[in-house]
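Chemist: have a look; sequence and predicted model below, questions after that.
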Amino acid sequence: MPAAAAPTAPQQPARRSRKRLWIVLALLLAALLALRWVSQPSQVSWIVLSQAGRALGLEIGASGASEYRLRGTPMLEVRDLVARAPGRHKPLLRAKRVYLAAPWTTIRAAGAVLDIERVELDAPQLDLGELDRWLAARPPSPGPTRIPRLIRGARVSDGRAVGAGWSVENIGLEFAELDPDKPLRARVRGRALSAGVAVPFDLAATLHRPAPARGLGLSGALAVEAKDWRLPMRVRAGARLHDGLDGLGLDALRLGADARYASGDTDLPFAFGLAGPLRYRAGELTLAPMGAALRAAADSTVPNLDAGGRFGFGAALRLHWRGRIHAWPQAWPALPPPLGQSRTPLDFQLDYAGKADLSDTVALSAQRDQTRFDGRLRLAQMLAWIDARDGSPLPPLNGRLSAPKIEISGAALEGVEVQIQDDPPAAASPAPAS
C-alpha cells in the first residue's frame with residue numbers, strides 16, 4: 001500500500017512575512033527619497049518661506065540658489081527673494097540675498113522664543129505703498145508687539161525704499177545687538193531723492209529701548225542738494241518713538257544743526273533748530289505744529305528769526321510759517337527812513353507749495369510798525385539780488401508796499417502806496433531759418 005503523502009506546510013504566514021517586508025522596504029525607500037528631497041537647500045527654503053508666508057499673510061518665494069546648515073547654529077540663506085500681498089502683482093519686498101541664523105532653542109520653541117542669531121539683507125527693495133496696503137489688511141494685534149532678540153545684530157546693505165514720487169537709495173543699516181531690555185546703537189545711511197533734490201545722510205542713532213514712546217538720539221551728517229545750491233549740515237536730534245492711528249513718527253522732536261548754504265560764490269554759515277511732532281502717514285511726512293529758529297552772524301545775509309507753523313512733504317513740499325525777524329540784517333539793502341531807524345521786529349508770514357528744491361513761488365507778507373508788504377517772490381532770485389553789489393535797486397518780486405511815510409533824498413512822502421512788478425525775463429529769440 002503506498003505511503004500517505006506528507007501534509008503541505010501552511011502558505012499564509014509566509015505570504016504575510018513577504019508582504020510586511022515589501023511594506024518596510026517601500027517605507028524605507030520613501031523615507032530616503034523624502035530625506036533626499038528635504039536635504040536639498042531649495043526644498044528647505046521653500047518649506048521655511050511657505051511657513052513664513054502663511055504666518056505673515058504674504059506670498060514669499062525665492063528663485064535663486066539657497067543654502068542651509070543644521071550643525072551648530074542653524075542657518076538659512078536664500079537669494080532673489082520676492083514677497084507679495086495675496087492677489088497683488090507688484091512685490092512688497094525684493095531682496096538679492098537674505099541670511100538668517102537662529103539657535104535650536106528658538107526652532108524648538110515654535111515661536112514661544114524669539115531669539116535670533118543674526119539677520120543680513122543685501123539689496124532689499126521695499127515698496128511703501130504696497131506695505132501700507134498690506135498693513136491695512138492685517139488683523140489688529142491681540143497684544144503688544146513682541147521684539148525679537150538679535151544676538152549678533154543685523155546688517156542691511158544697498159537697500160531701497162520707494163514712496164509716491166520719492167525714494168531712499170543706498171540704504172545701509174547696521175547694529176551689533178538688539179535686545180528688548182537694552183539700548184540699541186545703530187548706524188544708518190542713505191540718499192533720499194525727490195523732484196530734483198537729493199538728501200544724503202550718515203547718522204549714528206541710539207534708542208533707549210526698541211519700543212514705542214522710548215527716547216531716540218541722532219547725530220551726524222546730512223545735506224540738502226539741488227541743482228544750483230547745497231545745504232550741508234551737522235545735526236543733533238532727540239525725540240520719542242511714536243506708533244499710533246495718526247501714523248509712525250517721532251514725538252517731541254528737537255533738532256539742531258550747524259549748516260552752510262552754498263551756491264556759486266555764495267557761502268552762508270548759520271545755525272537752525274526745529275521742534276514738533278514728526279509723522280509719516282499715507283505717503284506724507286509732516287511736522288506740525290512746528291517751531292523753528294535761525295541764527296547767524298551779525299554781518300550775515302541770513303536773518304535771525306523765530307517762527308511757528310507747519311511743514312509737509314508728499315506729492316509737493318508745503319511750508320507755512322508765521323514768525324518774527326528780530327532785526328533788519330546789516331547785509332541787506334538799507335531801508336529808507338523812518339523805516340530804517342525803527343527798532344521794531346519785523347513780523348512775517350511765508351507760504352510755499354511746490355517743488356522740493358524751493359524753485360517755485362513763495363508768498364510773503366511782512367509788517368513793521370504801520371508799514372506792510374504783501375507779495376510773491378522766488379527764493380533763489382531774491383538771495384542772488386541780496387548778495388549782488390551792483391544790481392538793480394529794486395528786488396526781484398511782485399507785490400504791494402504801503403507805508404504812512406517814507407523819506408527819499410530829503411523829501412518826505414506820506415500815504416505811500418507802491419506796486420512792485422518784476423520784469424519777466426525776455427523771451428529767447430527764435431533761431432534764424434537755415
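Modeler: Looks like it came in fine. Given the structure is predicted, the values throughout are model-derived calculations rather than measurements.
Chemist: which other helices and strands does whichever strand or helix holds residue 233 contact?
Modeler: In this structure, residue 233 sits in strand 230-244 according to DSSP states H and E. With contacts taken as 3 or more CB pairs under 8 Å, 6 or more residues apart in numbering; DSSP states H and E, strand 230-244 sits against strand 215-225, strand 247-263, strand 266-281. All C-beta atoms are positioned from the backbone trio N, CA, C, and that covers glycine.
Chemist: as JSON lines, those with distance to residue 197 and mean neighbour count would be great.
Modeler: Shown next, in JSON lines, are the helices and strands packed on strand 230-244 (distance: least, CB to CB, whole Å; neighbours: other CB atoms under 10 Å):
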{"stretch": "strand 215-225", "distance to residue 197": "7", "mean neighbour count": "17"}
{"stretch": "strand 247-263", "distance to residue 197": "14", "mean neighbour count": "17"}
{"stretch": "strand 266-281", "distance to residue 197": "18", "mean neighbour count": "17"}
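Chemist: closest to residue 77 out of the ones you listed?
Modeler: Smallest distance to residue 77 across the helices and strands packed on strand 230-244 (CB to CB): 30.1 Å, for strand 247-263.
Chemist: could you name the helices and strands sitting against that closest one?
Modeler: The criterion is 3+ CB pairs under 8 Å, 6+ apart, and the helices and strands that strand 247-263 contacts are strand 230-244, strand 266-281.
Chemist: grab the most central residue of this protein for me.
Modeler: The structure's the chain has its C-alpha centroid closest to residue 168; by CA atoms, centre = their mean the separation is 6.4 Å.
Chemist: next, it: secondary structure please.
Modeler: strand (DSSP: H, G, I helix; E, B strand; the rest coil).
Chemist: a markdown table for the helices and strands packed on strand 230-244, including mean pLDDT and distance to residue 115?
Modeler: Formatted as a markdown table, those follow (pLDDT from 0 to 100; distance: least, CB to CB, whole Å):
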| stretch | mean pLDDT | distance to residue 115 |
| --- | --- | --- |
| strand 215-225 | 96 | 24 |
| strand 247-263 | 95 | 26 |
| strand 266-281 | 94 | 30 |
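Chemist: one step back: residues contacting the residue nearest to the centre of the chain?
Modeler: Residues in contact with residue 168, defined by CB atoms under 8 Å, 6 or more residues apart in numbering, are 159, 160, 161, 190, 191, 192, 193.
Chemist: same deal with residue 386?
Modeler: 301, 331, 332, 333.
Chemist: okay, now the unreliable bits of the stretch 101-250 of the chain?
Modeler: 110-111, 143 (pLDDT under 70).
Chemist: where exactly do the helices run in it?
Modeler: 104-109, 128-137 (DSSP state H, counting those that start in this stretch).
Chemist: out of those helices, deepest packed?
Modeler: Of all these, helix 128-137 has the most neighbours on average by mean count of other CB atoms under 10 Å, namely a mean of 14.
Chemist: show me what that helix is packed up against.
Modeler: Under the contact criterion of 3+ CB pairs under 8 Å, 6+ apart, helix 128-137 touches strand 154-162.
Chemist: figure out which of the helices and strands packed on strand 247-263 is closest to residue 404.
Modeler: Among the helices and strands packed on strand 247-263, the nearest to residue 404 by CB to CB is strand 266-281 (33.3 Å).
Chemist: distance from the chain centre to the closest one, please.
Modeler: Strand 266-281 has its C-alpha centroid displaced from the chain centroid by 16 Å (CA atoms, centre = their mean, to the nearest Å).
Chemist: what of stretch 372-379?
Modeler: When distances are taken as CA atoms, centre = their mean, stretch 372-379 is centred 32 Å away from the chain's centroid.
Chemist: thinking again about what came up before, okay, the helices of the stretch 101-250 of the chain in a markdown table with distance to residue 216 next?
Modeler: Listed next are those as a markdown table, based on distance: least, CB to CB, whole Å:
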| stretch | distance to residue 216 |
| --- | --- |
| helix 104-109 | 28 |
| helix 128-137 | 20 |
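Chemist: that older thread, between the strand holding residue 233 and strand 215-225, how big is the angle?
Modeler: Following axes from the mean of the first three to the mean of the last three CA atoms, to 10 degrees, one obtains 140 degrees for the angle between strand 230-244 and strand 215-225.
Chemist: then strand 230-244 to CSV, C-alphas only?
Modeler: The C-alpha trace of strand 230-244 is given here as CSV (Å, rounded to 0.1, in the frame of the first residue of the first chain):
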residue,chain,number,x,y,z
ARG,A,230,23.7,122.8,-1.5
LEU,A,231,23.0,122.9,2.2
PRO,A,232,25.4,120.6,4.1
MET,A,233,24.9,120.4,7.9
ARG,A,234,25.9,118.6,11.1
VAL,A,235,22.7,117.6,13.0
ARG,A,236,21.8,116.6,16.5
ALA,A,237,18.3,115.5,17.4
GLY,A,238,16.3,113.9,20.2
ALA,A,239,12.8,112.5,20.2
ARG,A,240,10.5,109.7,21.4
LEU,A,241,9.3,107.0,19.0
HIS,A,242,5.6,107.1,18.1
ASP,A,243,3.3,104.5,16.6
GLY,A,244,-0.4,105.3,16.5
